[in-house]
Structures are given as structure tokens and as C-alpha cells.
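**Student:** sequence? don't have it. structure:
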């Protein structure tokens, strides 16, 4: 019995005084603290998903993104085929000519779009999103359709049945009727409940439902069967997220004017004056020629899906608090490990005993930083949230270390070290192009400091 007590006493003294035992204990605690840290990461992800759901709900009720495809000229034509019929009784063979009506689709020769966007913020609880009202003036001209590709005789083209088509998303946001003007005649476009799911020509990977609006038959005076015909249409629509256009003109000029200060140009083409963004907004201009895009001006097998070639402006409010919080949580292992390392070095060099429970309390305080960060950032800016959460945790651990170490010098050193560590991580999170470079240099400096501080520790003796 006495032997067992002596062995337990020796083991206890070894655990209390051995550097190896303390290292093992600190390592186990770091692994244990990864469990609450993983829950915090899940919490950040859930809040991010919730924010996206609320924004989507607001956008759905107001109106989704606006995508304009057209106008497109729809021209019917006749095709003929022969069918052989054999009389089963007389064996007489007859040939019957079958006439079919098919449709050809032609894009404009000239397309000019002038759009004025007036965004505004909509909020629900702590979440907000950007919606807008738009006025879109579309002008241009059609040249005579070219049927030479399929060798159709001009007399087989039904010019008097020609119509105009415009495809658009978000018809729920339409604030005016769609009326297109040729010369002095106006033609109202009505919905055909069409979804842009053409499978013959699958250009698009960015799938967006498009509704088709089609006019009645154009008068022969307005049909470009002999000379170029101009058109004009003004559209007023409510939308959210973004506005985009497909460059269907042989020459397409687009001008988007807005007082939005954080323009994000999207799509296949950038405006040629994308640097003209000021505090008053922007006036973006595009000029796209048919040679700049890989699709034709006419189609004979249905309207192709060209959504992948759309371009425009994104009006989403940049909500990066959750992304920054998520990135900062990824450094949680580094923060906990380096903080424990500082306490371990102080304990080893000063012979001050620190109980595992005290290490655990310090680790929990470090994980609380991330819950404070995410909760405060939802009601304030990320910088203020980081400042408040960091100052709270640094103050708490500094005061707690003063009661543990009984030395004001060590407590001040820990407070300064934690402040420098949180500042270093904040700088890395703000950087994009130089994050890896700055992070690598910082970690190298930290490693050098640890090697310098631990050089006098006697690792063989307690």
C-alpha cells in the first residue's frame, strides 16, 4: 500500500514539475478546445445562411434580377417536302406535297440601351439588401433578314406574319406595359409563358428562367423586308441583386447610369470606362460588336439560350462580416496554441505553477472572442465588433493572468502579446493579394521569437 502511494506521489510530482508532462497537458487542452471552436464555425455558417434566406425572401417579394434578351424578329417561312402514297388496291403511286410553317429568328443590326437605375435599401430585422427601380430605353434597327443560309425563296417568306419577341426575367417587377414602336405604330407585347430552356443550342451554364413576350403581326410597312427599320421601346421594371443585358445587336451600345456607390460589374464584358466610379455613382458604358461574341445574328431552330453572355451591374450590398468572421475563426487554432505557448514559456522559465483548469479557462475565454465577434458584427461594423471583442478578451485574460502569475510584468507582457496577435490576424483578414505573404512573414517572426525565448530552458531537468 505504501509502495502504491509512493508511486502515485512520484507520478504526481512528475506531472507537476516535468516539462514534458506540461507539454502533453497543453497539447491535450488545445485539441479539446477545437470542439467548441468547431461549433462556433457552424454557428457562423448558420447565421450566414439565415442572412441569405432573408435577402432572398425580400428580393422574391420585390422582384428578382432583371435580364433583358431582345428584341428578336420572328419571321415565319414555308418549307415543302414530298410524300409518296401508294394505293394498296391499284398500286398506283402518287406524290403529295406537304407544306410546313417554320420560324426564323433574327437579332437587330443596331441595339442601343440606356438604363437609369435607382437603388434603395430594404431591411428586415438586422438584415438588409438592395432593390431598385429601373427605366430602360431600348432603341435600334433591323436590317432585312438573311435567309441565304437555308436557301429559302423570298416568295416563301410570310412577311405579313412577322412578329417581335423580347425575353425577360422577373416580369413580376414590370411597372409598365411592354410596347415597341416601329415608325408611328405601337405593338403591345404579351406574355407567352415561355421558359428559356432551348436544348438545341445549349450555350448557357448560368441558368435563369426567361419569360417570352410577343407582339401581334407587324404591319408590312414596319417589316424590314426591303430596307432597314428602326424601333424603340421603354421598359420600367423593379428588380434586385443585378441587372443584365444580352448583346444581341450586331453593334450593341449599353449605358447604365446610377447613384450606387459600390458598383460591381459582372458578366462576359466589362465597361470601357469602368474606372469612372465616384462618390456620386457611376455611368458605365459598353460597346460590343458581333465579332466580340461567339454567336450568330440569325437562328432557324429556335431561340438559343445565351444567358451565359449577359453582362451588367450587381447591386448587392457587400455583406462580408460573416465571411471575415469565418476567416478569423480559422485562425482559432493558431491563437489558442500561441497563447498557451506564451503561458507555457512563462511557467517553464519562472517556475510558476499553472493548473490545467486555469489553462482551460484561458482557452474558453479565447473561444468566446468569436461568439462576441459574430454577434456584435450583426449590429455594427466588423471593425468595431473586432475591436470590442478583442479588447474584452485581452482585458479578461490579462487580469486573470495577474491573479495566476502574481507578477504585473508577466501580465503586461501577455496583454501586449495578445494585442499584437489579434492585430496581426486582423491585418491578414483585411488583406487579399498579400495575405499569404504577410502571414508567412509574421509566422516566421513568431517562430524566431519563440526559439529565442526558449533557448535557455533546461529541457532535461524540471
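**Tutor:** Great, that's in hand. From a predicted model like this one, the values you see are computed outputs, not experimental measurements.

**Student:** Going by C-alpha atoms from here, please, whenever you check contacts or count neighbours.
**Tutor:** Will do.

**Student:** Pull the number of nearby residues for the closest residue in space to residue 128 that isn't next to it in sequence.
**Tutor:** Setting aside the residues directly before and after it, residue 128 is nearest to residue 122 in space (CA to CA, 6 or more residues apart in numbering), at 5.5 Å. Residues lying near residue 122 (other CA atoms under 10 Å) number 15.

**Student:** Shouldn't residue 122 be within a strand?
**Tutor:** Yes - judged by DSSP: H, G, I helix; E, B strand; the rest coil, residue 122 forms part of a strand.

**Student:** what separates it from residue 241, distance-wise?
**Tutor:** 12 Å (CA to CA, to the nearest Å).

**Student:** now do residue 61
**Tutor:** Relative to residue 241, and taking CA to CA, residue 61 is found at 13 Å.

**Student:** Helices of this structure, residue ranges please.
**Tutor:** Taking DSSP state H to define them, one finds helices in the chain at 2-17, 19-62, 321-330, 332-350, 356-377, 382-405, 408-430, 435-453.

**Student:** name the helices or strands packed onto the fifth one?
**Tutor:** Spelled out, that is helix 356-377. helix 19-62, helix 321-330, helix 332-350, helix 382-405 (3 or more CA pairs under 8 Å, 6 or more residues apart in numbering; DSSP states H and E).

**Student:** Compute the distance from the centre of the third one to the centre of its chain.
**Tutor:** When you say that, I think you mean helix 332-350. When distances are taken as CA atoms, centre = their mean, to the nearest Å, helix 332-350 is centred 39 Å away from the chain's centroid.

**Student:** got the angle between that helix and helix 435-453?
**Tutor:** 10 degrees (axes from the mean of the first three to the mean of the last three CA atoms, to 10 degrees).

**Student:** swap in the second one?
**Tutor:** Between the axes of helix 321-330 and helix 435-453, defined by the same axes, to 10 degrees, the angle is 30 degrees.

**Student:** Number of residues surrounding residue 369?
**Tutor:** When neighbours are counted by other CA under 10 Å, residue 369 comes out with 21.

**Student:** Same question for residue 362.
**Tutor:** 22.

**Student:** The helices and strands packed on helix 356-377 into CSV, with extra columns for distance to residue 270 and mean neighbour count?
**Tutor:** Formatted as CSV, the helices and strands packed on helix 356-377 follow (distance: least, CA to CA, whole Å; neighbours: other CA atoms under 10 Å):
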stretch, distance to residue 270, mean neighbour count
helix 19-62, 25, 16
helix 321-330, 26, 19
helix 332-350, 39, 18
helix 382-405, 30, 18
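
**Student:** Out of the ones you listed, which gets nearest to residue 444?
**Tutor:** helix 332-350 (13.0 Å; CA to CA).

**Student:** what does that closest one contact?
**Tutor:** By CA atoms under 8 Å, 6 or more residues apart in numbering, the list of residues contacting helix 332-350 from outside reads 19, 22-23, 26, 30, 34, 37, 352-354, 359, 363, 366-367, 410, 414, 418, 421, 453-454, 457.

**Student:** Okay, residue 27 and residue 363: tell me how far apart.
**Tutor:** 12 Å.

**Student:** Same check on residue 260?
**Tutor:** In terms of CA to CA, residue 260 sits 44 Å off from residue 363.

**Student:** Could you do residue 51 as well?
**Tutor:** Distance from residue 51 to residue 363, by CA to CA: 29 Å.

**Student:** Kindly report the same for residue 164.
**Tutor:** Counting by CA to CA - residue 164 and residue 363 are separated by 68 Å.

**Student:** still on that earlier bit, can you convert the helices of the chain into TSV and add a column each for distance to residue 216 and mean pLDDT?
**Tutor:** Putting these into TSV (distance: least, CA to CA, whole Å; pLDDT from 0 to 100) gives the following:
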stretch	distance to residue 216	mean pLDDT
helix 2-17	90	49
helix 19-62	30	76
helix 321-330	50	76
helix 332-350	65	78
helix 356-377	55	84
helix 382-405	55	86
helix 408-430	56	84
helix 435-453	59	76
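
**Student:** Out of these, flag the one nearest residue 117.
**Tutor:** helix 19-62 (15.1 Å).

**Student:** who does that closest one touch, helix- and strand-wise?
**Tutor:** helix 2-17, strand 127-142, strand 229-240, helix 321-330, helix 332-350, helix 356-377.

**Student:** ok and the last one relative to helix 382-405, angle-wise?
**Tutor:** Okay, so that is helix 356-377. Using the same axes, to 10 degrees: helix 356-377 against helix 382-405 is 160 degrees.

**Student:** Not counting helix 356-377 itself, show me its contacts.
**Tutor:** 25-26, 29-30, 33, 36-37, 40, 44, 321-322, 325, 328-329, 332, 335-336, 340, 382, 384-386, 388-390, 393, 396-397.

**Student:** and the angle from it to helix 19-62?
**Tutor:** Using the same axes, to 10 degrees: helix 356-377 against helix 19-62 is 20 degrees.

**Student:** Run the chain-centre distance for helix 356-377.
**Tutor:** Worked out by CA atoms, centre = their mean, helix 356-377 lies 31 Å from the chain centre.

**Student:** tell me which residues in it are buried?
**Tutor:** Neighbour counts using 16 or more other CA atoms under 10 Å place 359-360, 362-363, 365-374, 376-377 of helix 356-377 among the buried residues.

**Student:** Now flag whichever of those is closest to residue 312.
**Tutor:** residue 377 (30.5 Å).

**Student:** circling back to that earlier point, so what sits against both of residue 122 and residue 241?
**Tutor:** 130, 131.

**Student:** residues near residue 222, how many?
**Tutor:** Neighbours of residue 222 (other CA under 10 Å): 20.

**Student:** actually residue 92, sorry about that
**Tutor:** 9.
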